[in-house]
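S.K.: What follows is a predicted protein model with its sequence.
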Amino acid sequence: MAPNPARACRRRRSAQWRSARGWRRVTTSPRGPDGRPLKVRVKKSRGRTTSSQKWLQRQLNDPYVARAQREGWRSRAAFKLIELDEKAKILRRGLRIVDLGAAPGGWSQVAAKKIGLEEGQGKIVAIDLLEIDPIPGVTFAQMDFLTPEAPGRLMEMLGGQADLVMSDMAANTTGHKKTDHLRIVGLVELAAEFARQVLAPGGTFLAKVIQGGTEGTLLGDLKRDFAQIRHIKPAASRADSAELYVLATGFRGRALADAAEPAPGDADEAASPG
Ligand SMILES: C[S@@+](CC[C@H](N)C(=O)[O-])C[C@H]1O[C@@H](n2cnc3c(N)ncnc32)[C@H](O)[C@@H]1O
């Protein structure tokens with residue numbers, strides 16, 4: 001019998017529903033001749049709600065999760081990019097895009113559709129620590145963006161300049177607010193540095209930050225290198241989360257960004273009397 005995706009989806013959601021409410025599966029023995037349990041009981045677990053149950057409860061109560069499943073997006077994050085694009089018109093046919101922190105692939109799916117990737121237009125290169133199921137036309141590398149080889153590898157995959165560098169990277173949270181804040185700021189700073197290396201003049205940089213995360217040096221550098229900076233909080237971004245997106249448009253070009261960076265050795269020359 002052909003698999004029925006709607007039925008599989010219903011079954012998965014009902015399993016999630018049971019798990020989120022503290023039900024756990026108990027498999028009785030003996031097993032039948034086909035190795036499957038003769039009886040499967042579902043029992044309510046005692047004790048406090050675990051963090052994974054809380055996560056599941058949030059998922060089940062989240063309209064974007066259900067909508068993503070219905071519409072075939074790999075993540076609820078897809079709606080954030082859809083909304084950012086509705087507000088700021090960042091995706092156009094034929095664009096060359098770098099997607100940083102791409103897994104499970106929602107943003108790449110949205111971007112691929114908008115730029116006409118399946119019709120042979122534009123290009124998307126993507127990177128993540130995690131593996132993703134292939135997306136037609138998207139060139140993906142499973143690697144840590146923080147490793148020194150990552151920027152070079154991405155540039156090689158891209159084979160030219162980019163029109164848009166987008167980063168939805170989020171480091172695993174530790175629960176320690178200050179550490180989490182510093183980690184995400186570190187990721188955005190590196191992503192912005194990479195954007196300066198690969199963007200064509202007029203290009204766009206979009207990145208997830210957390211409130212207060214684009215103040216100081218990062219914001220100053222972005223203002224110097226891009227014509228316009230905006231902060232946007234899409235409705236799909238959870239209200240109780242401090243995340244928001246910084247959108248920098250109108251890249252002024254590498255020459256300017258490079259001129260602002262002291263070249264290696266400049267400091268020594270300036271300091272040397274002769
Ligand atoms: C919120 S998810 C991205 C969701 C994605 N935009 C989508 O639409 O499906 C954040 C991703 O950032 C990735 N990430 C975090 N740190 C990273 C790093 N140093 N290098 C590469 N990916 C990283 C995580 O593995 C995770 O998959």
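M.R.: Structure received.
S.K.: what residue ranges in the protein score low on pLDDT?
M.R.: Counting by pLDDT under 70, the chain shows low-confidence ranges at 1-6, 8-9, 15-49, 51, 55, 212-215, 256-257, 259-274.
S.K.: Any idea how far the biggest helix by length in it is from the middle of the chain?
M.R.: With DSSP state H applied, the helix covering the greatest number of residues in the chain is identified as helix 177-198. Shown here is helix 177-198, whose average C-alpha point lies 13 Å from the average C-alpha point of the whole chain (CA atoms, centre = their mean, to the nearest Å).
S.K.: C-terminal to that helix, what's the next element?
M.R.: Next along the chain after helix 177-198, taking DSSP states H and E as the criterion, comes strand 199-210.
S.K.: tell me the angle the very next helix or strand once past that next one makes with helix 177-198.
M.R.: Using DSSP H and E, the next helix or strand after strand 199-210 towards the C-terminus is helix 217-225. Orientation of helix 217-225 against helix 177-198 (axes from the mean of the first three to the mean of the last three CA atoms, to 10 degrees) gives an angle of 20 degrees.
S.K.: list the helices and strands helix 217-225 packs on?
M.R.: Here helix 217-225 touches helix 177-198, strand 226-232, strand 243-251, helix 254-260, going by 3 or more CB pairs under 8 Å, 6 or more residues apart in numbering; DSSP states H and E. No exception for glycine: its C-beta is placed from N, CA and C like everyone else's.
S.K.: Give me the buried positions along stretch 58-65.
M.R.: By neighbour count, with 16 or more other CB atoms under 10 Å as the criterion, the buried positions of stretch 58-65 are Y64, V65.
S.K.: For the closest residue to L219 other than its chain neighbours, grab the count of nearby residues.
M.R.: The shortest distance from L219 to any non-neighbouring residue, by CB to CB, 6 or more residues apart in numbering, is to I229 (7.0 Å). Other residues within reach of I229 by the criterion other CB atoms under 10 Å amount to 16.
S.K.: same check, this time on A192
M.R.: The tally of other residues near A192 (other CB under 10 Å) stands at 22.
S.K.: Roughly how far does it sit from A77?
M.R.: When distance is defined by CB to CB, to the nearest Å, A192 is 20 Å away from A77.
S.K.: what does L182 give?
M.R.: On the measure of CB to CB, L182 and A77 end up 23 Å apart.
S.K.: who's more crowded, the two?
M.R.: In this comparison of L182 against A77, neighbours counted by other CB under 10 Å, the higher total goes to A77 at 24 against 13.
S.K.: residues contacting the closest residue to that one other than its chain neighbours?
M.R.: Of all residues beyond its chain neighbours, the one nearest A77 is G106 (4.5 Å), with distances taken as CB to CB, 6+ apart. For G106, the contact set (CB atoms under 8 Å, 6 or more residues apart in numbering) comprises A68, W73, R74, S75, R76, A77, A78, L81.
S.K.: In TSV, list the residues you listed along with distance to the ligand and secondary structure.
M.R.: Compiled in TSV, the contacts of G106 are given as follows (distance: CB to the nearest ligand atom, whole Å; DSSP: H, G, I helix; E, B strand; the rest coil):
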residue	distance to the ligand	secondary structure
A68	9	helix
W73	8	coil
R74	6	coil
S75	4	coil
R76	8	coil
A77	3	helix
A78	6	helix
L81	7	helix
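S.K.: By neighbours, which of the residues you listed wins?
M.R.: That'd be L81 among these, by other CB under 10 Å, with 27 neighbours.
S.K.: Can you give me the distance of it to R70?
M.R.: The gap separating L81 from R70 is 18 Å, by CB to CB.
S.K.: Also V188?
M.R.: With CB to CB as the criterion, V188 and R70 are 32 Å apart.
S.K.: The two: which has the busier surroundings?
M.R.: Each of V188 and R70 has its neighbours counted (other CB under 10 Å); V188 has more, 23 against 10.
S.K.: which ones are touching the spatially most central residue of the chain?
M.R.: Using CA atoms, centre = their mean, the residue of the chain that lies closest to the mean C-alpha position is D168, 3.0 Å off. The contact partners of D168, taken as CB under 8 Å, 6+ apart, are A77, K80, D99, L100, G101, A102, W107, A207, K208.
S.K.: I'd like those residues as a markdown table, with distance to T139 appended.
M.R.: Shown next, in a markdown table, are those (distance: CB to CB, whole Å):
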| residue | distance to T139 |
| --- | --- |
| A77 | 20 |
| K80 | 23 |
| D99 | 10 |
| L100 | 13 |
| G101 | 16 |
| A102 | 11 |
| W107 | 15 |
| A207 | 21 |
| K208 | 22 |
